[in-house]
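Novice: Just to be clear, the model below is a prediction. Sequence and coordinates:
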Amino acid sequence: MAGGDNVFLFVPNVIGYIRIALAAASFYLMPTQPGPAAACYGLSGLLDAVDGHAARALGQGSRLGAMLDMLTDRLSSMGLLLNLALLYPAAAPLFQLSMALDVASHWLHMHCTTLEGGRSHKAVGGAAHPVLQLYYRSRALLFLLCAGNEGFYGCLYLVHFGEGPPGEPGCGHGRGGPGAKLGVCTAPYWSMGRLDRPVHSGLWGVYTGLDRSIVVYGGSRPVHSGLWGVYIGLDRSIVVYGGSTLVCGGLRGSLTLPFAPCSGAGGPGLFRAGLWLGAPLAALKGALNLVQLLGAARRLAAIDRAERAKGR
């Protein structure tokens, strides 16, 4: 085999191998190191655009590269969703459904495209749904929806560990390590910091949780937990748990609590803002996956009918 004919060493395919290594590294880091994990996962996703440009520029498109690209995308998303299912167990069935729909729709679509003579799942023919034709033929739309979908799930992963920069308005307390100092959080200001122990409140008040892991305990039993919930303390025995994240606020007066420094900026954190922006794009991508699955099943049934007609 001549060196130039070694498909395994085509530049786009080598980029694909690097993507696989980065995705594997991100999966290893996800349980304990969100920053490096997100960096590896994000770089792997960015290289997805690079390998396509390299294939077109160098004339090194191949069936192996197309399959490698599709499988890397699917397995990378699956690995992230598996981690999200561990971080958000209540939403695990939704993540499982998303994984199943993503893998099934792309595999069936790829199989149909191959039977129809296409070299890649992006090479849709006239038999495909018009929406899918627009999606795969418009590189800008393809990039927007894929990036928005990955961004949504990536931010959902990151927001579990913290809001990200910028955080909520500052609370006027000193700098210090987790739980190192007492600070005063006065309404309507908010604080988000890292804790090494539960926060005990001695005030009646209203507490707004910004993290679904927050649980408010009254005595020894949980009172309420949820996403963007409102928690009303009814006695002095209330303990606010937010994993390692503190979100505190007082309806009136002030709360004196041990917390780490605020970021000093206004508005939601970067990760939560990315979550909001990516949510509609992720929902649209999921709807396209459903259209793709149903359309591929219809096309495969048409192929079966044509083959049976020839055999008569």
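Specialist: Right, received. Where do you want to start? In this text the structure is predicted, and so the values were computed from the model without any measurement.

Novice: Quick check: phi and psi at the nearest residue to Ala66 once chain neighbours are set aside.
Specialist: Spatially, and ignoring its direct neighbours in sequence, Ala66 is nearest to Ser120 (3.8 Å; C-beta to C-beta, 6 or more residues apart in numbering). From N, CA and C alone the C-beta is placed, and that goes for glycine too. Per-residue torsions, Ser120: phi -150, psi 160 (degrees, to the nearest 10).

Novice: For this protein, which helix extends over the most residues?
Specialist: helix 270-310 (DSSP state H).

Novice: where along the stretch 51-200 of the chain do the helices fall?
Specialist: Secondary structure of the stretch 51-200 of the chain (DSSP state H, counting those that start in this stretch): helices located at 63-87, 92-115, 130-137, 139-159.

Novice: of all the ones you listed, which lies closest to Leu284?
Specialist: helix 139-159 (6.2 Å; C-beta to C-beta).

Novice: Number of residues surrounding Val14?
Specialist: Residue neighbour count, defined by other C-beta atoms under 10 Å, stands at 15 for Val14.

Novice: can you pull the contacts of it?
Specialist: With contacts defined as C-beta atoms under 8 Å, 6 or more residues apart in numbering, Val14 has no neighbours.

Novice: Help me confirm that Ala85 comes into contact with Leu97.
Specialist: No: with contact defined as C-beta atoms under 8 Å, Ala85 does not reach Leu97; the gap is 10.8 Å.

Novice: Which of these two has more residues huddled nearby?
Specialist: Set side by side, Ala85 and Leu97 show more neighbours around Ala85, with 18 against 12, by other C-beta under 10 Å.

Novice: Please look at the residue nearest to Ala66 and Thr113 and confirm they touch.
Specialist: Yes: Ser120 lies in contact with Thr113 (C-beta under 8 Å); the separation is 7.2 Å.

Novice: Comparing these two, which shows the higher neighbour count?
Specialist: More crowded of Ser120 and Thr113, by other C-beta under 10 Å: Thr113, with 23 against 20.

Novice: How about the contacts made by that one?
Specialist: Ser120, His121, Ala123, Val124, Gly125.

Novice: which regions of the stretch 151-300 of the chain sit below the pLDDT cut-off?
Specialist: In the predicted model, the stretch 151-300 of the chain carries pLDDT under 70 at residues 166-267.

Novice: ok, now with 90
Specialist: Scanning the stretch 151-300 of the chain for pLDDT under 90 picks out 162-269.

Novice: Which secondary structure element is home to the closest residue to Asp73 other than its chain neighbours?
Specialist: Closest residue to Asp73 apart from its sequence neighbours, by C-beta to C-beta, 6+ apart: Asp48 at 6.6 Å. Taking DSSP states H and E as the definition, Asp48 sits inside helix 34-58.

Novice: what's that helix packed up against?
Specialist: Counting contacts by 3 or more C-beta pairs under 8 Å, 6 or more residues apart in numbering; DSSP states H and E, helix 34-58 packs against helix 11-29, helix 63-87, helix 139-159.

Novice: Contacts for it, please.
Specialist: 10-13, 15-16, 18-20, 22-23, 25-27, 29-30, 60-62, 65, 69, 72-73, 76, 80, 143, 146-147, 150, 154, 157-158, 160-161.

Novice: change it to 6 Å
Specialist: 11-12, 15-16, 19, 22-23, 25-26, 29-30, 61, 150, 158, 161 (C-beta atoms under 6 Å, 6 or more residues apart in numbering).

Novice: do you know which of the helices of the stretch 51-200 of the chain lies nearest Ala302?
Specialist: Short answer: helix 92-115, nearest of the helices of the stretch 51-200 of the chain by C-beta to C-beta, at 9.2 Å.

Novice: And the chain, what are its domain boundaries?
Specialist: The chain is divided into the following domains under automatic domain parsing: 3-164+269-310, 182-258.

Novice: hmm, back to that, now the helices of the stretch 51-200 of the chain as TSV including distance to Val291?
Specialist: Converted to TSV, the helices of the stretch 51-200 of the chain look like this (distance: least, C-beta to C-beta, whole Å):
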stretch	distance to Val291
helix 63-87	17
helix 92-115	8
helix 130-137	6
helix 139-159	12
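
Novice: Where among these is average confidence lowest?
Specialist: Lowest mean pLDDT of the helices of the stretch 51-200 of the chain: helix 130-137, a mean of 91.

Novice: Give me the angle between that helix and helix 139-159.
Specialist: Put simply, helix 130-137 runs at 90 degrees to helix 139-159, going by axes from the mean of the first three to the mean of the last three C-alpha atoms, to 10 degrees.

Novice: So Gly117 versus Leu145, what's the distance?
Specialist: To Leu145, Gly117 is 26 Å away according to C-beta to C-beta, to the nearest Å.
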